[in-house]
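In: could you work out the structure for the sequence below:
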Amino acid sequence: MIVDQGGRPLESGRSSIITECAQNLKTAVDAETQNRAEGLQDLKFSAGDQWPAMIQTARELEHRPCLTINKTDAFVRQAVNNMREQRPRIQVHAVADGADKQRADVIAGLMRHIQVNSNADVAYDTAADFQVRMGWGYWRVVSRYVREDSFDQELYIDRVRNPFTVYFDPSSTAPDGSDAEWCVISDRMTKKKFRRKYPKAQFVDFSNLGSGDELMDWATDDEIRVAEYFKVEKTPDVLCLLSTGKTAYKSQLKQDELDRLGITIVQERESVRRRVMWYKMTAKEILAEREWPGRWIPVIPVYGAEYEIEGKVIRYGMVRGMQDPQRMYNFWRTAETEVVALAPKAPWLVAEGQIEGKEEAWNAANNKSFAYLEYKPIVQDGVPVQPPERLQPQGMPQAQVNAAIGASEDMKAVAGMFDPALGAPGQETSGVMVQRRQAQSDRSNFHFYDNLCRSIRHTGKIILDLIPHYYDTQRVIRIIGEDGVPDSVTINQKQMNEQGIVAATLNDVTVGEYDVVIDTGPGYQTKREEAADNMLGLLGTPLGEKVAATADDIIMRQFDWPGADQIAERLAAANPIAMAEKQMPENIPDDVKAMIAQLQGKNQQLTQALQQAELDKKYRMSVEQMKQSGEMQRAQMQDETKRHDVASRDTTARDIEEIKGHIALLLAHVDARKETAAIEAAAKNDATH
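Out: The predicted model follows:
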């Protein structure tokens with residue numbers, strides 16, 4: 001809507017906004033009547049309401065069964081859960097205007113915090129489920145205060161539980177809804193709450209509502225319907241290119257300020273100044289209004305299949321094409337049940353007179369269990385008649401069985417899912433063939449996942465645009481890394497110089513130009529497990545020794561079992577490259593950081609080698625000194641030994657001579673005693689004679 005330079009609508013009065021909202025609501029209802037009616041039917045069908053009303057009523061009047069074997073919901077859940085397993089992830093890249101990688105990582109971590117804090121996966125999954133079932137779904141970005149006693153606000157991603165309450169600009173053609181000019185969201189509120197919150201407001205309901213959003217469907221006499229109305233206002237203005245390279249609207253510039261700073265206008269062109277307004281209203285009056293600080297309407301659609309046929313946009317999901325084969329399957333399985341359950345029981349073949357008087361027992365033979373049945377043997381023409389015999393029951397018609405199998409195969413063909421993708425064994429014999437067959441099924445429904453990625457990317461752009469407005473003060477926030485590990489950082493932290501002037505602002509998320517990309521495929525945990533397997537395989541190659549010497553701590557961090565991080569820390573403490581990286585500032589690029597770490601590691605290795613050489617030199621000197629000291633001690637010991645030997649020999653010789661002298665003296669005494677004894681003996685003999 002075009003407004004004047006003061007931002008006021010060209011049509012005076014707030015009633016013009018209500019009139020405009022009512023007109024846009026009617027436009028959306030008229031444009032989406034067919035999609036809403038068929039989408040509502042798709043939801044009911046996938047929930048089990050699969051028999052045409054006329055046929056179901058006729059069969060119920062005849063007391064005939066109407067079985068529903070809901071295979072459609074299984075196909076839908078298979079497609080939705082595949083997307084849940086590979087949920088897209090938002091990544092932030094620095095582009096220009098003072099942006100850098102460190103701040104991009106902080107903003108990306110803040111986005112992950114916003115998604116985790118607001119349970120964004122619930123919003124994405126709810127919208128994706130509606131997208132696959134009926135062709136479209138929504139989620140929205142909102143802001144709320146952190147606490148009742150705080151002025152800080154947080155961004156949240158909320159799910160839209162009922163997509164029929166959203167009336168989106170039908171002129172929007174972008175697949176992510178980024179070009180929408182307006183959006184209406186209807187909601188219900190109890191009269192008591194309405195009176196308490198808006199005591200002066202009139203109690204008037206909206207009347208123009210589309211399929212799936214009728215007041216009688218989900219409101220009572222105690223409730224009122226209110227609406228949120230987003231609209232993009234465009235004010236004519238002149239866009240100026242300044243000598244600093246920046247752009248600004250002429251209505252926002254002050255010439256005196258430009259002259260004081262020496263800034264000139266280089267170029268001008270006619271343009272419009274865009275802003276988003278938000279209103280909350282009833283059908284009679286506006287209850288609240290404010291300017292939404294972002295560039296886009298914070299309601300994000302996610303579409304399924306979309307075509308424009310004869311000026312009408314047709315949207316549908318997976319269920320639309322599966323209805324006919326599902327009905328066929330239900331009909332033929334019901335027919336099989338009727339044949340088995342409602343067919344008469346197998347009768348008995350008896351001859352006349354065989355059960356006479358026993359009719360009561362035989363009549364109950366198909367309903368009761370008897371230990372025996374009595375009959376009368378009879379003879380006809382002199383020949384005994386055979387005993388009663390039960391006839392074989394009617395078999396299952398093969399045509400009905402084949403028709404049910406054919407309907408089941410038709411459902412697989414329509415859904416683009418075959419046995420391997422559904423977890424059932426197929427004709428594939430190798431793992432590679434099974435994977436290719438599963439990939440073929442994934443490709444059949446890849447447009448759902450691709451559209452979801454586009455919408456999540458637009459969500460990232462909306463949050464990126466809102467962050468400078470809601471996170472513009474210095475505060476400590478939680479950020480979440482790609483590996484899911486939380487951390488706390490201070491954003492917009494001002495650094496003062498000695499004069500008390502702000503010299504720099506750390507983690508300033510209010511400046512810089514950034515872009516959003518989507519990371520798809522397996523999540524971080526799956527990639528981590530695959531990386532661990534590949535790294536272990538790399539260790540068995542010729543590069544393994546070099547990798548283990550330079551990145552052993554990185555390899556250990558890929559394992560997800562208790563104690564892996566502690567082992568990695570100890571390995572890092574012994575790895576000079578890892579220790580060098582820890583000591584570097586975080587704002588250094590990764591390639592430069594790796595180069596510096598490698599050089600520091602080599603320097604540390606050379607230093608260690610030099611220290612080892614010095615130790616070896618000292619050791620060699622010590623060994624030489626020990627050798628010399630040993631030689632001297634050995635010589636001294638030899639001299640001492642020689643002197644001791646000489647002294648010992650001299651002492652021994654003297655001792656021997658002394659011993660010899662003593663022996664000779666003793667021998668002399670012995671000889672003298674012998675001579676004395678001989679003389680005494682001779683004297684005794686002479687005296688006797």
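In: what's the strand or helix carrying residue 627 packed up against?
Out: Assigned by DSSP states H and E, residue 627 belongs to helix 590-688. On a contact count with 3 or more Cβ pairs under 8 Å, 6 or more residues apart in numbering; DSSP states H and E, helix 590-688 meets helix 576-582. Where you see a C-beta, it was placed from the backbone N, CA and C, and this is true even at glycine.
In: is residue 417 in contact with residue 442, as I believe?
Out: No - with contact defined as Cβ atoms under 8 Å, residue 417 does not reach residue 442; the gap is 9.1 Å.
In: neighbour count winner among the two?
Out: Using other Cβ atoms under 10 Å as the criterion, residue 417 and residue 442 rank with residue 417 on top: 24 against 16.
In: show me the contacts for that one.
Out: The contact partners of residue 417, by Cβ atoms under 8 Å, 6 or more residues apart in numbering, come to 75, 78, 79, 441, 444, 445.
In: just give me the closest of these to residue 319.
Out: Taking Cβ to Cβ as the measure, residue 319 lies nearest residue 75 of those, at 8.6 Å.
In: please name the residues that touch that closest one.
Out: Contacts of residue 75 by Cβ under 8 Å, 6+ apart are 318, 322, 411, 415, 417.
In: okay, those in CSV with pLDDT next?
Out: Shown next, in CSV, are the contacts of residue 75 (pLDDT from 0 to 100):
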residue, pLDDT
318, 93
322, 93
411, 89
415, 86
417, 82
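In: top of these by number of neighbours, please.
Out: residue 318 (28 neighbours).
In: doesn't residue 132 make contact with it?
Out: Yes - look at residue 318 against residue 132 with Cβ under 8 Å: they come within range, at 5.2 Å.
In: between those two, what contacts are shared?
Out: 76, 79, 304, 445, 448.
In: nearest to residue 110, of those residues?
Out: residue 448 (28.6 Å).
In: residues contacting the closest residue to residue 269 other than its chain neighbours?
Out: Excluding the flanking residues, the one nearest residue 269 by Cβ to Cβ, 6 or more residues apart in numbering is residue 239, at 5.4 Å. Applying Cβ under 8 Å, 6+ apart to residue 239 gives the contacts 247, 248, 249, 250, 268, 269, 270, 271.
In: switch to 7 Å and redo it
Out: 247, 249, 268, 269, 271 (Cβ atoms under 7 Å, 6 or more residues apart in numbering).
In: that one belongs to a strand, doesn't it?
Out: Yes - under DSSP: H, G, I helix; E, B strand; the rest coil, residue 239 falls within a strand.
In: what sits opposite it in the beta ladder?
Out: On the basis of DSSP bridges, residue 239 is bridged to residue 249, residue 269.
In: from residue 245, how far out is it?
Out: 14 Å (Cβ to Cβ, to the nearest Å).
In: in stretch 467-476, what counts as buried?
Out: Across stretch 467-476, burial judged by 16 or more other Cβ atoms under 10 Å covers 467, 468, 470, 471.
In: walk me through the domains of this protein.
Out: 181-295, 524-574 (automatic domain parsing).
In: with distance to residue 24 and mean pLDDT added, can I get those domains in CSV?
Out: Shown next, in CSV, are the domains of the chain (distance: least, Cβ to Cβ, whole Å; pLDDT from 0 to 100):
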stretch, distance to residue 24, mean pLDDT
domain 181-295, 5, 82
domain 524-574, 42, 71
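In: what about those domains, which gets the closest to residue 143?
Out: Per Cβ to Cβ, nearest to residue 143 of those: domain 181-295, 8.6 Å.
In: shaky segments in this structure?
Out: Within the chain, the segments meeting pLDDT under 70 span 1-13, 203-221, 342-344, 393-396, 419-441, 521-532, 560-561, 576-605, 618-623, 688-689.
In: residue 407 against residue 329, yeah?
Out: Yes - under the criterion of Cβ atoms under 7 Å, residue 407 makes contact with residue 329 at 3.9 Å.
In: okay, these two: which has more neighbours?
Out: residue 329 (27 against 20).
In: show residues contacting the helix or strand hosting residue 144.
Out: Assigned by DSSP H and E, residue 144 belongs to strand 136-145. By Cβ under 7 Å, 6+ apart, the list of residues contacting strand 136-145 from outside reads 123-124, 126-128, 130-131, 153-160, 163, 166, 298-304, 315, 459, 462-463, 470.
In: which stretches of the stretch 51-200 of the chain form strands?
Out: 89-96, 136-145, 153-159, 166-168, 182-190 (DSSP state E, counting those that start in this stretch).
In: export those strands to a markdown table and tack on distance to residue 635 and mean neighbour count?
Out: Shown next, in a markdown table, are those (distance: least, Cβ to Cβ, whole Å; neighbours: other Cβ atoms under 10 Å):
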| stretch | distance to residue 635 | mean neighbour count |
| --- | --- | --- |
| strand 89-96 | 78 | 17 |
| strand 136-145 | 94 | 20 |
| strand 153-159 | 88 | 19 |
| strand 166-168 | 106 | 24 |
| strand 182-190 | 106 | 19 |
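In: nearest to residue 633, out of those strands?
Out: Across the strands of the stretch 51-200 of the chain, closest to residue 633 is strand 89-96 (Cβ to Cβ), at 74.0 Å.
In: the closest one - contacts with which helices or strands?
Out: helix 101-117, helix 446-470, strand 513-519 (3 or more Cβ pairs under 7 Å, 6 or more residues apart in numbering; DSSP states H and E).
In: want to throw the ones you listed into JSON lines with distance to residue 195?
Out: Shown next, in JSON lines, are the helices and strands packed on strand 89-96 (distance: least, Cβ to Cβ, whole Å):
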{"stretch": "helix 101-117", "distance to residue 195": "33"}
{"stretch": "helix 446-470", "distance to residue 195": "31"}
{"stretch": "strand 513-519", "distance to residue 195": "43"}
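In: one step back: which of the shared contacts of residue 318 and residue 132 sit farthest apart?
Out: 76 and 304 (11.2 Å).
In: so those two - more neighbours on which side?
Out: Remark: of residue 76 and residue 304, residue 304 carries more neighbours, 26 against 21, as counted by other Cβ under 10 Å.
In: phi, psi for residue 267 please.
Out: phi -150, psi 150 (degrees, to the nearest 10).
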